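K.L.:
give me coordinates for this.
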Amino acid sequence: MKRYMIIFLCVAALAFTATQVLAGAAPGTGIVGSKHDMNVVSNPDSQNRVCAFCHTPHHALDDASADYLPLWSHELTSLTYTDYSSITFDGAGFPAGDTLTGPSRLCMSCHDGAVAVDQHYGGIGTDVRSGDSWGEIGVGAGGDLSNDHPIGFDYTAIAGVVDDEIRLATTPVANPSVNTITELLWDDQWMTCASCHDVHNTDANEDYFLYGPQANSDFCLICHDK
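P.N.:
As a prediction, this is how the structure comes out:
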């Protein structure tokens with residue numbers, strides 16, 4: 001009887017572990033199984049590693065064009081980007097000097113439509129996602145960010161000052177790991193891709209790795225006072 005009980009407990013433990021791993025596909029539960037798990041959405045790593053598509057413990061990439069390289073293993077984009085421009089945008093006069101400041105350059109390494117998303121660890125990669133339309137992952141593909149939410153501008157310089165419909169950086173955020181908008185900004189100042197998206201899917205609320213829910217446009221209203 002004890003033997004069967006032990007076997008049952010072992011099987012139950014394995015089933016629970018498998019469930020936990022597969023749960024990574026759900027928003028807010030981790031990168032394994034998510035849309036940023038290249039083993040699922042692209043050509044898998046030879047050892048089925050997940051982190052390796054972006055990070056390496058040794059021989060990390062060094063590039064003078066980037067101000068943020070967390071043990072990076074993925075080829076960086078070399079495209080020059082056309083920024084968003086509109087008469088309704090008040091941040092144009094407060095640029096970072098580099099549109100892709102902070103983590104944004106890393107995001108464009110896959111989303112630029114030029115570098116293969118499965119490229120890593122010095123390998124070439126073959127899966128290039130060049131599409132930049134509804135349902136496709138290309139965002140800024142071909143170096144065009146003119147139809148995307150602006151990044152690379154000084155949020156703190158315009159919020160409540162130049163634009164009174166942008167909330168102050170000290171505004172609280174309804175997220176378990178984020179207290180204020182400031183914590184979503186690069187260097188507590190610059191708007192980047194990571195100001196909206198949690199790339200590791202650990203604090204995200206929906207499939208787009210967002211820091212807030214889209215229902216009732218709650219996510220947009222984190223920053224926009226409308």
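K.L.:
what does stretch 81-99 contact?
P.N.:
Residues outside stretch 81-99 that contact it (CB atoms under 8 Å, 6 or more residues apart in numbering) are 67, 100, 105, 108, 140, 143-155, 157-158, 162-163, 166, 190-191. In short, each C-beta sits where N, CA and C put it, glycine included.
K.L.:
need phi/psi at Asn175.
P.N.:
The phi/psi pair for Asn175 (degrees, to the nearest 10) reads phi -140, psi 140.
K.L.:
buried subset of the contacts of stretch 81-99?
P.N.:
67, 100, 105, 108, 140, 143-145, 150-155, 158, 163, 166, 190-191 (16 or more other CB atoms under 10 Å).
K.L.:
what about the residue nearest to the spatial centre of the chain, which SS state?
P.N.:
Taking CA atoms, centre = their mean, the centroid of the chain lies closest to Val199, which sits 3.2 Å from it. Under DSSP: H, G, I helix; E, B strand; the rest coil, Val199 falls in the coil class.
K.L.:
distance of it relative to Asp188?
P.N.:
Separation of Val199 from Asp188 (CB to CB, to the nearest Å) stands at 19 Å.
K.L.:
again with Asp225
P.N.:
Distance of Asp225 to Asp188, computed by CB to CB: 20 Å.
K.L.:
what are the buried residues along the helix or strand where Asn179 lies?
P.N.:
Using DSSP states H and E, Asn179 sits in strand 178-180. Neighbour-count burial for strand 178-180, with 16+ other CB under 10 Å as criterion, is recorded at Val178.
K.L.:
what lies in contact with it?
P.N.:
Applying CB under 8 Å, 6+ apart, the contact partners of strand 178-180 are Ala169, Thr170, Thr171, Pro172, Val173, Leu184, Asp203, Tyr211.
K.L.:
please indicate which of these are buried?
P.N.:
If you count burial by 16+ other CB under 10 Å, the buried members of the contacts of strand 178-180 come out as Ala169, Thr171, Val173, Leu184, Asp203, Tyr211.
K.L.:
of those, which pair is most distant in space?
P.N.:
For the buried ones among the contacts of strand 178-180, the farthest-apart pair by CB to CB is Ala169 and Asp203; their separation is 18.2 Å.
K.L.:
report the rounded mean pLDDT for stretch 105-121.
P.N.:
Mean pLDDT, stretch 105-121: 95.
K.L.:
how long is it end to end?
P.N.:
One end of stretch 105-121 to the other measures 18 Å (CA to CA, to the nearest Å).
K.L.:
how about that stretch, which residues are buried there?
P.N.:
For stretch 105-121, burial by neighbour count (16+ other CB under 10 Å) applies to 105-120.
K.L.:
and the residues you listed, which is closest to Val128?
P.N.:
Nearest to Val128 among the buried residues of stretch 105-121, counting by CB to CB, is Ala116 at 4.9 Å.
K.L.:
which stretches in the protein count as strands?
P.N.:
In the chain, the segments counted as strands under DSSP state E are 172-175, 178-180.
K.L.:
mind listing the helices for this protein?
P.N.:
2-22, 38-41, 104-111, 155-158 (DSSP state H).
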